[in-house]
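# Using only what follows, build the 3D model:
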Amino acid sequence: MRSDTPASSRPPRRGWVWLAVIVTVGVLAGSAGWATATVLRPAEDPLDATPYTFVSVEQGEVSSSVNLNAVAEWSPTPVGTNQASGIVTGVVVAPGDEVVQGSTLYLLNQRPVVVAQGAVPAFRPIGEGVEGADVAQLQAMLHAQGSYSGTIDGTAGPRTVTAIKAWQKALGVAQTGLVELGDVVFVPTLPIRVSLDAELVSRGLSLSGGEPVLRGLPAAPAFTMPVTDAQAAMMPTGTAVQVTSPEGTVWDAVAGDRVTDEQSQTIVVSLSGPEGQVLCGDQCAQVPVSGQALLPSKIITVATVQGLVVPSSALITEASGQIGVIDQDGTVHPVTVVASARGMSVIDGVDAGVKVRIPATQNPAP
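Residues are numbered from 1 along each chain as shown. The predicted model follows:
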């Protein structure tokens, strides 16, 4: 029986199969060879692979600081009460002025009201024959003014009356020898910096007696600095701070205790003078008595250090942990880092003028 399909319609396929096997084996062998070469090839030296340039070791300095505002604020306390009646015709003492025995505070109906030291407030007129602690306080003030040289015994005798008249003459008022209630405001301590309550004592206002017009100021205002958590972390206790005064003087300060302001959620750092000194020294009068004064300040996060300076990127760390720099010849020089700030470092262990490697941002130096 014959087949209906011609013999030529079934070509042999074995040759193609062997060809595919040979090609596949060749590709696999080539891939294996490439992988073996890649794995066995030694890693490139990072110092040779990384482009670099050179800079000279030069004399210089490094430092770092953060600019913020300090807050200065006085905390006045009532120290004296007006006992006179009349219209304020003049204000003599300015906020923050220091007053002493006999200093004039203000004028009431053109009559001076003065300050004197004493624990007992003024409560009555003082004239001949009057005795008491308030009389002794008056005698001490008259003595300080130079008009009384007698014994401070709390008795207003003839010598005290004579001294009162001399004092009244110096003030430009009638020489009656009688100190009227309200002529003197007694305060616990003198000398003292004071301020008058401007809402009570201003030209043209009326006083009737009993007003707490005089406020005493402490030796210095309180200095604080409100900061965020991140800023507080940069200024631990003892950090140096430079505060610029209202007149441009730089006051040295140190960071102290800190509390969290619950309302603003800020941290308030107290500032004080170095070694417990008054921060504003003898210039505290520059700080306004009323309200808060914002003063530009600088937090010294890294104090200024002078020496041989290189970019911090020039520093390498060897396997032993030793820090060093590499010169033009590829020699590693061990160094000690004295200080670092803002990408620069002061180092010891290498001479000025030596050129050291730093990573290059463009083509490597020839």
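# Averaged pLDDT, stretch 84-98. What do you get?
Throughout stretch 84-98, pLDDT has a mean value of 95.
# and it, which residues are buried?
Going by neighbour count (16 or more other C-beta atoms under 10 Å), the buried part of stretch 84-98 is 84, 86, 88, 91, 93, 95-97. Every residue, glycine included, has its C-beta placed from N, CA and C.
# now swap in stretch 231-250 and tell me
231-232, 234-235, 239-243, 245.
# Show only the entries of the residues you listed found in helices.
When DSSP state H defines the helices, the subset of the buried residues of stretch 231-250 inside them is 231-232.
# wait, which of the buried residues of stretch 231-250 is closest to residue 67?
Distance from residue 67 was checked for each of the buried residues of stretch 231-250 by C-beta to C-beta. The minimum falls on residue 242, at 9.9 Å.
# what residues are up against that closest one?
Residue 242 makes contact with 250-253, 297-298, 300 under the criterion C-beta atoms under 8 Å, 6 or more residues apart in numbering.
# Now the buried members of the residues you listed.
Buried among the contacts of residue 242 (16+ other C-beta under 10 Å): 251, 253, 297-298, 300.
# mind showing which ranges of the stretch 201-350 of the chain have poor pLDDT?
Low-confidence segments of the stretch 201-350 of the chain (pLDDT under 70): none present.
# that older thread, reformat the buried residues of stretch 231-250 into TSV and put distance to residue 217 next to each item.
Below are the buried residues of stretch 231-250 laid out as TSV (distance: C-beta to C-beta, whole Å):
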residue	distance to residue 217
231	30
232	29
234	32
235	28
239	28
240	27
241	23
242	24
243	19
245	17
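# Which member of the buried residues of stretch 231-250 is positioned nearest residue 168?
Minimum distance to residue 168 across these is 41.2 Å, recorded for residue 245 (C-beta to C-beta).
# What sits closest to that closest one if chain neighbours are left out?
Once flanking residues are discounted, residue 245 sits nearest to residue 286: 5.0 Å by C-beta to C-beta, 6 or more residues apart in numbering.
# Looks like that neighbour contacts residue 246 (just checking).
Yes. If you go by C-beta atoms under 8 Å, residue 286 and residue 246 touch, sitting 4.7 Å apart.
# who's in contact with residue 306?
Contacts here follow C-beta under 8 Å, 6+ apart; on that basis residue 306 touches 59-61, 346.
# Recalculate using a threshold of 7 Å.
Residue 306 sits next to residue 61 when contact means C-beta atoms under 7 Å, 6 or more residues apart in numbering.
# so which strand or helix has it?
In this structure, residue 306 is located in strand 293-311 according to DSSP states H and E.
# Counting neighbours, which bits of that strand end up buried?
Burial within strand 293-311, assessed by neighbour count using 16+ other C-beta under 10 Å, is assigned to 293, 295, 297-300, 305, 308-310.
# Can you name every helix or strand that the helix or strand that it is followed by contacts?
Beyond strand 293-311 in the direction of the C-terminus, DSSP H and E gives the next helix or strand as strand 316-317. Applying 3 or more C-beta pairs under 7 Å, 6 or more residues apart in numbering; DSSP states H and E, one finds that strand 316-317 makes contact with strand 323-326.
# So which elements touch the strand it packs on?
Packing contacts for strand 323-326, counted by 3+ C-beta pairs under 7 Å, 6+ apart, involve strand 316-317, strand 332-334, strand 355-359.
# Could you point out which of the buried residues of stretch 231-250 is nearest to residue 159?
Nearest to residue 159 among the buried residues of stretch 231-250 is residue 245, at 47.8 Å by C-beta to C-beta.
# Run through the helices of this protein in chain order.
According to DSSP H, the helices that the chain contains are 14-40, 46-49, 133-145, 158-171, 229-233.
# who's in contact with residue 276?
Residue 276 sits in contact with no residue, where contact means C-beta under 7 Å, 6+ apart.
# And the one 10 residues further on, by the same measure?
With contacts defined as C-beta under 7 Å, 6+ apart, the neighbours of residue 286 are 245-247.
# and what of residue 265?
Shown in contact with residue 265 (C-beta under 7 Å, 6+ apart): no residues.
# Any idea how many residues pack against the closest residue to residue 180 other than its chain neighbours?
The shortest distance from residue 180 to any residue that is not its chain neighbour, by C-beta to C-beta, 6+ apart, is 5.4 Å, and that residue is residue 125. Neighbour count of residue 125, defined by other C-beta atoms under 10 Å: 13.
# quick thing: my sequence starts at 807, can you match it?
Right, with 807 as the first residue, what we last looked at is residue 931.
# Relative to residue 983, how far out is residue 931?
Using C-beta to C-beta, to the nearest Å, residue 931 is found at 11 Å from residue 983.
# One more: residue 915?
Relative to residue 983, residue 915 is positioned 20 Å away (C-beta to C-beta).
# So these two - more neighbours on which side?
Legend: neighbour count by other C-beta under 10 Å for residue 915 and residue 983, higher for residue 983 (19 against 11).
# Just give the nearest non-adjacent residue to the more buried one, would you?
residue 967 (4.2 Å).
# Next: residue 1009.
Leaving out its chain neighbours, the residue that sits closest to residue 1009 by C-beta to C-beta, 6+ apart is residue 894, at 5.7 Å.
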